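Undergrad: Next come a sequence and a model predicted from it.
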Amino acid sequence: MKSIVFSLFLISSILTFSQTFHSLDGNENPLDGTNLIYRLGVQGFNYSPVYILNVNTGVETKIIDAYYNSYPGSETAKAILDFEFFPSSEDFVNCGFMIYPDNHSYIARNDTIVYGGMSGFNRIDISKQNPLKVFAFAGGPLTRSFDGGYTYPEDSIGLITNFDAISLADFDDNVLFGIDYDGQLAKNAVVVDTSKFFFDQYTKFLYDVNQFHIYRVNKTYGGYALSVSNNKGEAYTWTKAYESNDPLFITIDSLQSGTIYLADGRRIYKSTNNGFTFYNYKDLISNIIGLYKKPGSDILYASTQYAIFEITPDSITIIKSLPTSPDVFQWFPLAVGNRWVFSSYWKYYNPSGTPSYQFAGTKYMDVVTDTIIEGKQYFILENDLLNQFVFEQRMFLRVDSISGRIFRYWETLSNEFLFHDLNAELGDTVYYPLYPEQPYYYLWNEHENIFLNEMRMIREYFEYAPCGCYHWLIKGLGLGTAVFDEFGGAEDNLKGVVLNGVVYGDTSFVVSVEDEKGTIPTEFKLYQNYPNPFNPVTKIKYTIPTSPLNPSPYQGEGQRERLVTLKVYDILGNEVATLVNEEKPAGNYDLTWNAASFPSGVYFYQLRADDFVQTRKMVLLK
């Protein structure tokens, strides 16, 4: 078992999180079986204590303490940068640094510090040939113990020029792998792989039981890579086997040559030929942060931020989960009586390609009541035609207080499906219940910005639809923005909200301000329907301009009525609906088409008035 992390000694700031898992590893003990080892805490990777969980008994024990405390003018900290267990033993060594009262590094046996100084120890390893030999790395210099990590005399191995050791080879404790000053992999200071190598907390070396294959994960240009050597890490034996934009996690079966598991995001892949080909093994509900393979069995353990899973070829079982912080429910606060009020705008593009917006009134979204379906409580959420691809007009939503997820009950499917994971991480995807293999939307960005006069966290979700559709969740407010854009469309922006009786922002309801503006259209225009795709209701807006020709004797100059038709056609060109067929004066118009009686498919709607004809496409998706 090997866990490696790199950290600068200079601390500028520490972010505080909800209590989560930050890593997962494991070992086998002859006395009590499988032990899972993980970092669990609220202050990030280095400053979270290390715990051990015995799978057989369920007993969890904190084995290494870590913390960060900030006071006015001072701070105290203990960071764990690396730890390693002795084979078939409950004993271990670890290293890191402390601030109390000054900044210094340490080496510890179990959780008792046995050596300290300013050398900056950030990696530690145990010889597989002689477990009494412990290697502590601090950049170039090495410090060794010859009595199992109790004492560290001045070592005969001094500074190795142009080489920063990272890992002690399992097959020979005279072989060290690391990085030279040009960021290339080196074996005993000799470059063996020229691909760029950045060292961070996700760097990992694993050694196959066949004593030849080496598996290495490290950050490189553009993301992370798994590289494999088929001959003890020698030059010209390394092959890049897998690449990803995101951190990778690997584990091997220490008793079975060639078997390797790799986690990328929520997906676990398996290889039985030393990592040269992989196949999809299992998918979890959230991004994975660590793996451990129980040797000589078909059991794999995987951890996300909030749960640890035991995985076999036929099952996935949660064996430990963390309570969800109440803080996450601020992303979408649901309670009867909550109301969201939006300023709605029609969006269209000028010939230059720049967008223009026209105020279209105010829309709302309400939690109108709650109900019981199949023994579970659901909130009934209704809205005035917001982004209907995701936020349909009427939905049944259930909050799972344990997992931090919101589920939607689909009446057409008589079952509930994930609507939003409030513990979501960047890249997490929700799939469309009607077509389970089709992505629905995913979390593509998270940032801070001012919303309703306060700095708030914002999550942006891109929607998989034939349009530029997306929505935002605002922490502390809920839905903040819903956008439909297909060469024009609509945008709804939160202007006020009532949560548990407390008003934030402006919740006044304005039907339209077009009369206040006094705007009179000067050209024909047919806007893109919104939402699109839709099910089964959509809105269509169009404008009829003024004309100085042949004014009606009953109207003023320029207000002549025109015969206007707006019809809907199916994909074969058959007329299926007439929405408008009458004379209309100049003005801005919008109407609602309910296609409940029509099948899913592509439709076209066409506006005709005088010599003007314009057609647009829309998609009914049930």
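TA: Looks like it came in fine.
Undergrad: Could you list the domains of the chain?
TA: Annotated domains of the chain cover 180-322, 327-505, 520-620 [automatic domain parsing].
Undergrad: And those domains: which comes nearest F45?
TA: domain 180-322 (5.6 Å; C-beta to C-beta). Where C-beta positions appear, they are placed from N, C-alpha and C, glycine not excepted.
Undergrad: Show me how far that closest one is from its chain's centre.
TA: How far domain 180-322 lies from its chain's middle: 20 Å, per C-alpha atoms, centre = their mean, to the nearest Å.
Undergrad: Check stretch 60-73 too.
TA: In terms of C-alpha atoms, centre = their mean, the centre of stretch 60-73 is found 27 Å from the chain centre.
Undergrad: Stretch 451-459 too?
TA: Taking C-alpha atoms, centre = their mean, one finds stretch 451-459 lying 19 Å from the centre of the chain it belongs to.
Undergrad: so where's the protein uncertain?
TA: Scanning the chain for pLDDT under 70 picks out 1-18, 139-141, 154-161, 387-388, 509-520, 547-560.
Undergrad: hang on, the earlier thing: closest to N162 out of the domains of the chain?
TA: It's domain 180-322; of the domains of the chain, that one is closest to N162 (C-beta to C-beta) at 5.2 Å.
Undergrad: quick one: terminal-to-terminal distance for that closest one?
TA: Start-to-end span of domain 180-322 (C-alpha to C-alpha, to the nearest Å) is 41 Å.
Undergrad: Equivalent analysis for stretch 19-33, please.
TA: For stretch 19-33, the separation between the terminal residues is 27 Å (C-alpha to C-alpha).
Undergrad: Give the buried residues for that stretch.
TA: By neighbour count with 16 or more other C-beta atoms under 10 Å, stretch 19-33 contains the buried residues T20, F21, H22, S23, L24, D25, G26, N27, E28.
Undergrad: so which of those comes closest to G476?
TA: T20 (20.5 Å).
Undergrad: Could you find the closest non-adjacent residue to the closest one?
TA: Distances taken as C-beta to C-beta, 6 or more residues apart in numbering place Q305 nearest to T20, at 4.1 Å, with adjacent residues excluded.
Undergrad: which residues touch that neighbour?
TA: T20, F21, H22, S286, N287, I289, N423, E425 (C-beta atoms under 8 Å, 6 or more residues apart in numbering).
Undergrad: hang on, the earlier thing: identify, from the buried residues of stretch 19-33, the entry nearest to V613.
TA: T20 (58.6 Å).
Undergrad: that older thread, now render the buried residues of stretch 19-33 as a markdown table, adding secondary structure.
TA: Putting the buried residues of stretch 19-33 into a markdown table (DSSP: H, G, I helix; E, B strand; the rest coil) gives the following:
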| residue | secondary structure |
| --- | --- |
| T20 | strand |
| F21 | strand |
| H22 | coil |
| S23 | coil |
| L24 | coil |
| D25 | strand |
| G26 | strand |
| N27 | strand |
| E28 | strand |
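Undergrad: could those be laid out in a markdown table, adding distance to N535?
TA: Formatted as a markdown table, the buried residues of stretch 19-33 follow (distance: C-beta to C-beta, whole Å):
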| residue | distance to N535 |
| --- | --- |
| T20 | 37 |
| F21 | 39 |
| H22 | 42 |
| S23 | 43 |
| L24 | 41 |
| D25 | 47 |
| G26 | 47 |
| N27 | 53 |
| E28 | 53 |
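Undergrad: Export the domains of the chain as TSV, with columns for distance to F45.
TA: Below are these laid out as TSV (distance: least, C-beta to C-beta, whole Å):
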stretch	distance to F45
domain 180-322	6
domain 327-505	15
domain 520-620	42
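Undergrad: Report all helices and strands that whichever strand or helix holds M365 contacts.
TA: Following DSSP states H and E, one finds M365 within strand 355-373. In this structure, strand 355-373 makes packing contacts with strand 339-349, strand 376-383, strand 489-499, helix 514-517, judged by 3 or more C-beta pairs under 8 Å, 6 or more residues apart in numbering; DSSP states H and E.
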